[in-house]
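In: no sequence on this one, just coordinates:
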C-alpha cells in the first residue's frame, strides 16, 4: 500500500472540503468534478502556468475536455482533462488512466481541427471552444495537454512531440504537485533550464568582480537563435508573471526591431537594450580556454525584454529571418535572499530602460493596497446574519496558502473549528476575485471576461486612479468591497439556480454574471445600497429578482454576436458592452424603493410605460401635481432631508416609492400623493430649493 505523507493527507482533506463547499455554494449538482477543476485552475493561475482558464466539461465517444485556455497572443493553446477520484487519502491514478485521459483530450483536439463544432449544439460551451480553436489555429505555436487529478500519479507523462506546425507537450498536476506548490509559498513554479542540454552549449558570461552580500550579477551574450529556442519552448512563462501578458507579451513585432532583425541582424546587439533577467540560482562551468559559462539556471525570469525575445522568435517563424549573426546582451541578477525577489523584481523592471515601463507608483500602491485590505479583513467583523449573534470575518488571502497556514497554526482541532466558525471558507477571497468584484461594479464586464489574471493585471495598472476615485482604503471601503463580493457570489448562485438550469443553458455563466451586474450598476447609476448588503450580508428579494430579469437580456445579447461570431471573444470586446448598453431594459419597479438617493436612474423606455395611464386632466389635483414632478426631484428631497435631519425612515421609503411610481407612469394613491406634497412643501420651507 502506498505510504501517504501526513501533510499531503491534510491537504487532500482540505481540498476535498473546498470542493464540497464550492459545489454546495454554487449548487452545481453533478459537479464536484467541476468545482475541483475550477480550484485547480486557480492554483495554476497563481503558479503562472496559464491565464484565463475556462471550464468546459464535455464527454463524447472517445473524447473528453474539462477546460481550455488560449494565450493573449494566440500562440499557446492549453486543453485540460480531469480525473477526479474524490477519495481521501488520495489513491494512485494508474498509467492506463493517464494514457486514456491524454488520448481522449488529444482526440478532442484532432476532431476540432476536422470541424467538430458542426457536431455539437451552438448553445453549448464546447461549441465555443471548438470554434475558437479553429479561429486561431494558424497562429498556434504550442499546445499543452494538462491532466488535473486529486489522485497521485507516479508515472511520467508522454514526451513532447511535434505535430504539424505545433509543438505538443503533456503535463500532470496531481495532488502531490498541487500540495508542493501550495506549501512552498511560491508565487509560481520555477522554470529550470539546462542551457547545455537545451541549446547545445553553456552561455559564456562575466561575473560581477566584487563580492556583494545582496546579490550576484552576470553579464552574458545570448545567440538570437538560442533565445528563440527558449521562447519556443517556454513561451510567456519566461516573462515575469506580474507584468508579462498585460504589459509586455503581445506577440507583435516592434517595427524597428523587425527591420533590424531582417535587414541588419549583425547590428541588433548595438541597437537593442538587451534583457534584464533574474534567477534563484545559477550553475557555472569552466570554459576550456578560461573563463566561466552558465550551464543552468533555476527560476529564470525575463523581467525586461519580453518584447525583444518574442520579436526574435516571430521574425524566425513568420519572416524566416536568418538570425545566425544576431546576439542579445543580458544582465542576470541572482539574489542571495530569495525572499526579497518580490520586492526587487519590480524595482529592476522600474529602473530598466524598457519600451513598456511599469510605473513605480503603481507597484508601490499595489503592495500597500493589498496589505491594507488584508489588515482590514483580519480586524473587521461582519454583521451577524439570520437573527444570530455570531459575527464572522471576510478573510482576504493576499497570497495563496495564507488561509490554510492560519488554520494550521490555530493548533488543536477545537481551535481550528473556532477559526473556521470565525472565518467561514465561503467568506474567503483572493486578489483575482477582488479585481472581478471591483471591475464588475465599475462597469467593465468586457475586461472581467478576459479572465482572472488579465483582469487583475489591468486592475494593478489602474489601482492609483481607483484609489483616487474611491477615497481612503478604510473600513467603509472594505464594507463596500465585501458588499460587491456578496452581490457577485449571490448572482452566481441565482443565475445557476433560476436561469441557467431551468432554461437548459450550460455555458457562459461567468460572462452572464459580470454583464448582468454591470448593467444593473449602470442603470441605477451605482446607487444599489451597498451599505444595506453589508448590514444584512445578503441581497434583498427585489435585487435578486432584478438579477434574474437582467440576466435574460444579457443571455440574449452575448449569445448573438455579430456575424455569428464566437461568444467568448465577443464578451471580451468593449463593443459588446457598448451595444449591451444600447438595449432597452426597464429597471424593475421594486428596485426603485431600494436605491440610495442621488441623481435618479433612467426610467423605462416609453414603450415600457404601462398603457392606459389616466390623462392628467382626469386625475385628482394632488396626483396630477405629483406626476408632473420628475423622479430625480423626489430623490433629491430624500438626499437633502437625510443630511439635514428633516426626513425620517418612513418618509424616505414613501418618497422613493413615489419616485418609482412617477418613473413608471403609475399613479400613486391620492393619500400618498398628498403626503408626498406635504413633505416637499415642508422641505422647501426649511431650505430645499428645487
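Out: Here it is on my side, so go on. All of these numbers come straight from a predicted model, not from anything done at the bench.
In: domains in the protein, by residue range?
Out: 6-184, 192-358, 364-585, 597-685 (automatic domain parsing).
In: got these as JSON lines, with mean pLDDT, distance to residue 591 and mean neighbour count columns?
Out: (Each C-beta comes from the backbone N, C-alpha and C, glycine too.) JSON lines is the format used below for the domains of the chain (pLDDT from 0 to 100; distance: least, C-beta to C-beta, whole Å; neighbours: other C-beta atoms under 10 Å):
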{"stretch": "domain 6-184", "mean pLDDT": "87", "distance to residue 591": "24", "mean neighbour count": "18"}
{"stretch": "domain 192-358", "mean pLDDT": "79", "distance to residue 591": "35", "mean neighbour count": "18"}
{"stretch": "domain 364-585", "mean pLDDT": "87", "distance to residue 591": "5", "mean neighbour count": "18"}
{"stretch": "domain 597-685", "mean pLDDT": "72", "distance to residue 591": "8", "mean neighbour count": "16"}
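In: ok, the residue most central in space within the chain - contacts?
Out: By C-alpha atoms, centre = their mean, the chain has its centre lying nearest to residue 452, at 1.2 Å. Counting by C-beta atoms under 8 Å, 6 or more residues apart in numbering, residue 452 touches 42, 45, 51-52, 432-433, 435-436.
In: mind checking which of these land in helices?
Out: Judged by DSSP state H, the subset of these located in helices is 42, 45, 432-433, 435-436.
In: quick check: the gap between the closest residue to residue 625 other than its chain neighbours and residue 670.
Out: Nearest residue to residue 625 in three dimensions, chain neighbours excluded: residue 677, at 6.3 Å (C-beta to C-beta, 6 or more residues apart in numbering). Distance of residue 677 to residue 670, computed by C-beta to C-beta, to the nearest Å: 11 Å.
In: cool, and residue 373?
Out: Distance from residue 373 to residue 670, by C-beta to C-beta: 51 Å.
In: same question, residue 270
Out: Counting by C-beta to C-beta - residue 270 and residue 670 are separated by 87 Å.
In: in the stretch 1-150 of the chain, which spans are helices?
Out: 6-25, 32-46, 95-113, 125-136 (DSSP state H, counting those that start in this stretch).
In: make a markdown table from the ones you listed and add distance to residue 554 to it.
Out: Below are the helices of the stretch 1-150 of the chain laid out as a markdown table (distance: least, C-beta to C-beta, whole Å):
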| stretch | distance to residue 554 |
| --- | --- |
| helix 6-25 | 22 |
| helix 32-46 | 21 |
| helix 95-113 | 27 |
| helix 125-136 | 16 |
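In: how about those, which one is nearest residue 474?
Out: helix 32-46 (28.0 Å; C-beta to C-beta).
In: which strands or helices does that closest one pack on?
Out: Packed against helix 32-46, as judged by 3 or more C-beta pairs under 8 Å, 6 or more residues apart in numbering; DSSP states H and E, are the following elements: helix 6-25, strand 54-60, strand 63-70, strand 76-83, strand 142-149, strand 166-173, helix 175-184, helix 452-461.
In: looking at these, which is nearest to residue 508?
Out: strand 54-60 (9.6 Å).
In: which neighbouring elements make contact with the closest one?
Out: So strand 54-60, by 3+ C-beta pairs under 8 Å, 6+ apart, packs with helix 32-46, strand 63-70, helix 125-136.
In: how far does the first one sit from its chain's centre?
Out: This means helix 32-46. 13 Å (C-alpha atoms, centre = their mean, to the nearest Å).
In: quick thing: my sequence starts at 3, can you match it?
Out: Happy to do that; since the first residue is 3 now, the last one works out to helix 34-48.
In: which residues sit against it?
Out: Residues contacting helix 34-48 (C-beta under 8 Å, 6+ apart): 17, 20-22, 24-25, 28, 30, 52-53, 55, 57, 59, 68-69, 82, 84, 86, 88, 148, 150, 152, 175, 180, 183-184, 189-190, 402, 432, 434, 454-455.
In: same question, the last one
Out: Judged by C-beta under 8 Å, 6+ apart, the contacts made with helix 127-138 from elsewhere in the structure are 56-58, 60, 67, 70, 72, 76, 79, 111, 114-115, 117-119, 122-123, 508-510, 568-571.
In: now with 7 Å, please.
Out: 58, 60, 67, 70, 72, 76, 79, 114, 118-119, 122-123, 508-510, 568-571 (C-beta atoms under 7 Å, 6 or more residues apart in numbering).
In: what do you get for the shortest one?
Out: Residues from elsewhere that reach strand 65-72 (C-beta under 7 Å, 6+ apart): 39, 43, 52-60, 79-84, 106-107, 109-110, 113, 128, 131, 134, 138, 150.
In: and if you look at stretch 416-427?
Out: Contacts with stretch 416-427, where a contact means C-beta under 7 Å, 6+ apart, come from 20, 23, 394-395, 397, 408-409, 412.
In: contact partners for residue 110?
Out: 65-67, 81.
In: redo that, cut-off 8 Å
Out: 60, 65-67, 81, 118.
In: and which of those is nearest residue 312?
Out: Nearest to residue 312 among these, with distances taken as C-beta to C-beta, is residue 81, at 22.8 Å.
In: for residue 587, which non-adjacent residue is closest in space?
Out: Counting by C-beta to C-beta, 6+ apart, the residue nearest residue 587 is residue 555, at 5.1 Å.
In: find the helix or strand that the one you found is a member of.
Out: In the assignment (DSSP states H and E), residue 555 maps to helix 543-560.
In: so what touches the helix or strand just after that helix?
Out: Per DSSP H and E, the first helix or strand lying C-terminal to helix 543-560 is helix 569-573. For helix 569-573, contacts defined as C-beta under 8 Å, 6+ apart pick out 56, 130, 134, 137, 447-448, 451, 509-510, 513, 517, 560-561, 563-564, 578.
In: just checking, what packs against whichever helix or strand comes after helix 569-573?
Out: For helix 569-573, the following helix or strand on the C-terminal side (DSSP H and E) is helix 576-583. Applying 3+ C-beta pairs under 8 Å, 6+ apart, we find helix 576-583 packed against helix 447-450, helix 511-525, helix 543-560.
In: which secondary structure elements does the next helix or strand after helix 576-583 contact?
Out: Counting by DSSP H and E, the next helix or strand C-terminal to helix 576-583 is helix 591-594. With contacts defined as 3+ C-beta pairs under 8 Å, 6+ apart, helix 591-594 has these neighbours: helix 543-560, helix 651-665.
In: just to revisit the earlier point, need the helices and strands packed on helix 576-583 in JSON lines (columns: distance to residue 295).
Out: Output for the helices and strands packed on helix 576-583, formatted as JSON lines (distance: least, C-beta to C-beta, whole Å):
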{"stretch": "helix 447-450", "distance to residue 295": "45"}
{"stretch": "helix 511-525", "distance to residue 295": "48"}
{"stretch": "helix 543-560", "distance to residue 295": "54"}
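In: between these, which gets nearest to residue 94?
Out: Of all the helices and strands packed on helix 576-583, helix 511-525 comes closest under C-beta to C-beta, at 33.7 Å.
In: now for that closest one, which elements pack on it?
Out: On a contact count with 3+ C-beta pairs under 8 Å, 6+ apart, helix 511-525 meets helix 433-443, helix 447-450, helix 477-497, helix 543-560, helix 569-573, helix 576-583.
In: ok, which of those helices comes nearest residue 99?
Out: Short answer: helix 569-573, nearest of the helices and strands packed on helix 511-525 by C-beta to C-beta, at 30.0 Å.
In: distance between that closest one and the chain's centre?
Out: The answer for helix 569-573 is 16 Å, by C-alpha atoms, centre = their mean.
In: what's the answer for stretch 577-596, then?
Out: From the chain centre to the centre of stretch 577-596 is a distance of 24 Å (C-alpha atoms, centre = their mean).
In: likewise stretch 305-312?
Out: On C-alpha atoms, centre = their mean, the centre of stretch 305-312 falls 24 Å from the chain's centre.
In: now do the contacts for residue 575.
Out: Counted by C-beta under 8 Å, 6+ apart, residue 575 has contacts residue 448.
In: quick one: it from residue 451, how far?
Out: Using C-beta to C-beta, residue 575 is found at 9 Å from residue 451.
In: now residue 118, nearest residue through space, not along the chain?
Out: In space, and not counting its chain neighbours, residue 118 is closest to residue 132: 4.8 Å by C-beta to C-beta, 6+ apart.
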